[in-house]
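Visitor: below are the sequence and a predicted model for it; my questions follow.
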Amino acid sequence: EAQVTQNPRYLITVTGKKLTVTCSQNMNHEYMSWYRQDPGLGLRQIYYSMNVEVTDKGDVPEGYKVSRKEKRNFPLILESPSPNQTSLYFCASSLSLGPGEKLFFGSGTQLSVL
Amino acid sequence: GENVEQHPSTLSVQEGDSAVIKCTYSDSASNYFPWYKQELGKGPQLIIDIRSNVGEKKDQRIAVTLNKTAKHFSLHITETQPEDSAVYFCAASLSGNTPLVFGKGTRLSVIA
C-alpha cells in the first residue's frame, strides 16, 4: 500500500532532550516535506527536500534539522526541544515539487515538550 | 511570497445544506489551487484541485470555483453529510519549484 509512515505517533519529552521523528515513503517520491499544525495557524512548512541531499528551509525552520540521505527517508531532528515546539507534525511527499503534484501526508506525530 | 487567506475558520451547517469555504491569494502568478480534507486523527488528503486555466471543476458533491481577476477560489459542498465534518485546507502554488502555501483551515461541522 502506498503510504507515508511517521513514527512515533505520540511523543512526550522534556526540554533539551534531543529527539528524532522518522518519516518514510514507499512511493519513490522525490519531494518530501515537514509541516507543523497549530490551532489557528494551519499548516506551516518547516523544511522540504526536492531530492536526495537537497534540503531547503520552509517558513518556520528555527530549532529543527533535517537530512535526506536516502530517497525514502526524511527524518526531522529537534536538537534541543523547547515547549514552543509542542505541536502536531506531519510529513508529506509527492512525486516532485510542482503544480499539480498530489501531496501524500503521514498520520501525524503529536509532540509535547514539557 | 504567496499568502493565502481562508474564511471562515469554523462553519456549522445542517445535514443536507450546502457549505462554502472561501480563499484568497496574493500572488497573481499562482496557477494551482488544491483543497485538502483532514479527518480527525489523520493527515490531510487531497479532495479536489483546479488550475488557473479552468474556472470551475466538479466531482460529485464537491466543486471548486476560481476567479483569477479577484484572486479568490472557493470550495462548495452540496447535500452535506456527517462524514463531511472535517478540517478543510485550501492552498496555492506558483509554477516551478515552489512549495504549496496553505490557508489556516476551516473546521466544518455537519449537524445531523
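Guide: That came through fine. This one's a predicted model, so the numbers in the text were calculated from it and none came from an experiment.
Visitor: pretty sure A:V4 is touching A:C23, no?
Guide: Yes. At 6.6 Å, A:V4 and A:C23 qualify as touching, with contact defined as C-beta atoms under 8 Å. In this view, the C-beta of every residue, glycine as well, is placed from N, C-alpha and C.
Visitor: overlap of the contact sets of those two?
Guide: Common neighbours of A:V4 and A:C23, using C-beta atoms under 8 Å, 6 or more residues apart in numbering or on different chains, are A:91, A:106.
Visitor: list the contacts of residue 41.
Guide: Since no chain was named, I'll use chain A. By C-beta under 8 Å, 6+ apart, A:L41 lies in contact with B:K104.
Visitor: wait, chain B
Guide: A:107-108.
Visitor: if you drop the residues flanking it in sequence, what lies closest to the residue nearest the centre of chain A?
Guide: Centroid check for chain A by C-alpha atoms, centre = their mean gives A:W34 as the closest residue, at 2.8 Å. Of all residues not flanking A:W34 in the chain, A:I46 sits nearest, at 4.3 Å (C-beta to C-beta, 6 or more residues apart in numbering or on different chains).
Visitor: I'd like to know which elements the helix or strand where that neighbour lies is packed against.
Guide: Element membership of A:I46 [criterion: DSSP states H and E] is strand A:42-51. With contacts taken as 3 or more C-beta pairs under 8 Å, 6 or more residues apart in numbering or on different chains; DSSP states H and E, strand A:42-51 sits against strand A:31-38, strand A:54-57, strand A:65-66, strand B:101-102.
Visitor: which one of those strands lies closest to B:A63?
Guide: Nearest of the helices and strands packed on strand A:42-51 to B:A63, taken as C-beta to C-beta: strand B:101-102 at 20.2 Å.
Visitor: kind regards, and thank you for your time.
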